[in-house]
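> What would the 3D arrangement of this be:
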Amino acid sequence: MGKKFVAILLLLITTIFLGNRVLPQTSRNNPGGPVPSHTQSNVRPVHTRIVSMSPSITEILFMLELGKNVVGVTHFCTYPPEARSKPIIGGYSDPNYEAVVALHPDLIIMLTEHAEPLRNLEKLGLKTLVVDHRNIDAILNSITAIGLSCGREREALTAVGGLRARMERIRRVIGGLVRPRVMVTVGRNMGSGRIEDVYINGHGGFYSELITLAGGVNAYTGDVSYPSFSEEGIMRINPAVIIDMVPDLGARALDKDTVIRQWRNLSRVNAVRNSRVYVFGQDYTVIPGPRFIDLLEEMARAIHPEATWSTP
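Numbering: from 1, shown residues only. Model prediction:
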């Protein structure tokens, strides 16, 4: 993974996970204020022309069987595969406003990080819904909010219930087990074949929450959100488990064994010495959407291979 790609990936991750402030759900009829609840209005809205401003939002819309209502997505919205056939409205943080308007949307759904696009779209008189995807509870709440706003409340409640049940199963399985120190990489320079320019999950945030829910503790104890580490720095924190996120694994024609071999120079690190380095190459490793549960389950199995995962 070259330095340019690492920089772009970290920009995307930071933009997704590190919003500066929480914005309320808004609408063109009540700028800056909450969307009226359906219990107040007794009207069940059905939006037939929805624009999604984020891959995670797009996944929720398709999960709630609203794919046919999606008329625009970003360049990054590639899952499910059906999303790739939708018109493109630009990037994650730089939408083409002319393209958005041309689609005649009756609802644009975005994240709390989209403060500037929100202001610009409301100036154009477009209806918006803002949701928060910076932690697990917020993601679950956003599924309910989108379902409520788009006439899929029952489907949303069912989906959230299923996700919470899978989380509860993990909690039961790992209960009482010793929590190892875990380091999660979120981007690094792979061009040299060495372990260098490694960005890891730092203080707080989405990945720290996943580590905790998966039965580990964050090996990094500093207060930086996404610190950069050298080989020497990794040896100092000496994690027991390393989870190496490589979301473009397939695109780079790499396999997990090749990536794991790159860590052999750090033989003094417990995770390397004990063969506890795991490579996650799925695209959802950097998308804080409903597939967080797949990432959480995979992390839990990697952190606790000794657990009895066959238990229903």
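
> Sketch out the low-pLDDT regions of the stretch 1-150 of the chain for me.
1-45 (pLDDT under 70).

> now with 90?
Where the stretch 1-150 of the chain drops to pLDDT under 90, the residues are 1-48, 92-93.

> Domain map for the chain?
Following automatic domain parsing, one gets these domains for the chain: 22-133, 178-303.

> now for these, which one comes closest to I139?
domain 22-133 (5.2 Å; CB to CB). Placement of C-beta: from N, CA and C, glycine included.

> sorry, back to before: now distance to G151 too, for the domains of the chain, in a markdown table please.
Formatted as a markdown table, the domains of the chain follow (distance: least, CB to CB, whole Å):
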| stretch | distance to G151 |
| --- | --- |
| domain 22-133 | 4 |
| domain 178-303 | 18 |
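
> out of those domains, which comes closest to W309?
domain 178-303 (6.0 Å).

> what's the span of that closest one, first residue to last?
With CA to CA, to the nearest Å as the measure, domain 178-303 spans 10 Å from end to end.

> Near the nearest residue to I174 once chain neighbours are set aside, how many other residues are there?
Leaving aside its sequence neighbours, I174 sits nearest to G215 (CB to CB, 6 or more residues apart in numbering; 3.6 Å). Neighbour count for G215, taken as other CB atoms under 10 Å: 24.

> Any chance you could list what contacts stretch 166-182?
136, 211, 213-219, 237-243, 276, 293, 296-297, 300, 303-304, 306-309, 311-312 (CB atoms under 8 Å, 6 or more residues apart in numbering).

> From these, which land in strands?
Cross-referencing the contacts of stretch 166-182 against strands under DSSP state E gives V217, N218, V241, I242, I243.

> most surrounded residue in the residues you listed?
I243 (29 neighbours).

> Can you get me a residue count around the closest residue to that residue other than its chain neighbours?
Counting by CB to CB, 6+ apart, I243 lies nearest to V184, which is 4.8 Å off, once chain neighbours are set aside. By other CB under 10 Å, 27 other residues sit near V184.

> contacting residues around the residue nearest to I174?
I170, I174, L177, R179, A300, I303, H304, A307.

> Can you pick out the most distant pair from these?
I170 and R179 (13.2 Å).

> Settle it for me: which of these two has more neighbours?
Taking other CB under 10 Å, I170 and R179 do not tie; I170 has more neighbours (21 against 15).

> For that one, give its distance to A300.
5 Å (CB to CB, to the nearest Å).

> what is in contact with those two at once?
L213, A214, G215.

> Among these, which one lies nearest to S54?
L213 (22.2 Å).

> Next, check the shared contacts of I170 and A300 against the helices and list the overlap.
Mapping the shared contacts of I170 and A300 onto helices (DSSP state H) picks out L213.

> Out of the shared contacts of I170 and A300, which comes closest to R252?
Of the shared contacts of I170 and A300, the one sitting nearest to R252 (CB to CB) turns out to be A214, at 25.9 Å.

> right, and the closest one touches A307 too?
No - under the criterion of CB atoms under 8 Å, A214 is not in contact with A307, lying 10.6 Å apart.

> Common neighbours of those two, please.
Joint contacts of A214 and A307 (CB under 8 Å, 6+ apart) are I174, A300.

> Please say which of these two ends up with more neighbours.
A214 (23 against 17).

> on that earlier part again, may I have the secondary structure class of the residue nearest to I243?
Assigned with DSSP: H, G, I helix; E, B strand; the rest coil, V184 falls in the strand class.

> Name all residues that make contact with it.
I200, N201, Y207, L210, I211, I242, I243, M245.

> Let's see that with 7 Å instead.
I200, N201, Y207, I211, I243, M245 (CB atoms under 7 Å, 6 or more residues apart in numbering).

> and whichever helix or strand L157 is part of, which residues are buried?
Assigned by DSSP states H and E, L157 falls within helix 153-174. By neighbour count on 16 or more other CB atoms under 10 Å, the buried set for helix 153-174 is E153, E155, A156, A159, V160, L163, M167, I170, V173, I174.

> Would you agree the fifth one is in contact with L140?
Yes - between V160 and L140 a contact is recorded at 5.1 Å, counting by CB atoms under 7 Å.

> need the shared contacts of I170 and A300 in TSV with distance to I287, can you?
Shown next, in TSV, are the shared contacts of I170 and A300 (distance: CB to CB, whole Å):
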residue	distance to I287
L213	17
A214	17
G215	22
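
> Return the member of the shared contacts of I170 and A300 nearest to F229.
Comparing the shared contacts of I170 and A300 against F229 with CB to CB places A214 closest, at 20.9 Å.

> which residues does that closest one contact?
A214 makes contacts with I170, L296, M299, A300, I303, as judged by CB under 7 Å, 6+ apart.

> where do the helices sit along the protein?
Using DSSP H, the helices assigned to the chain run over residues 3-17, 38-41, 55-63, 97-102, 115-123, 136-149, 153-174, 205-213, 231-237, 256-261, 270-273, 292-303.
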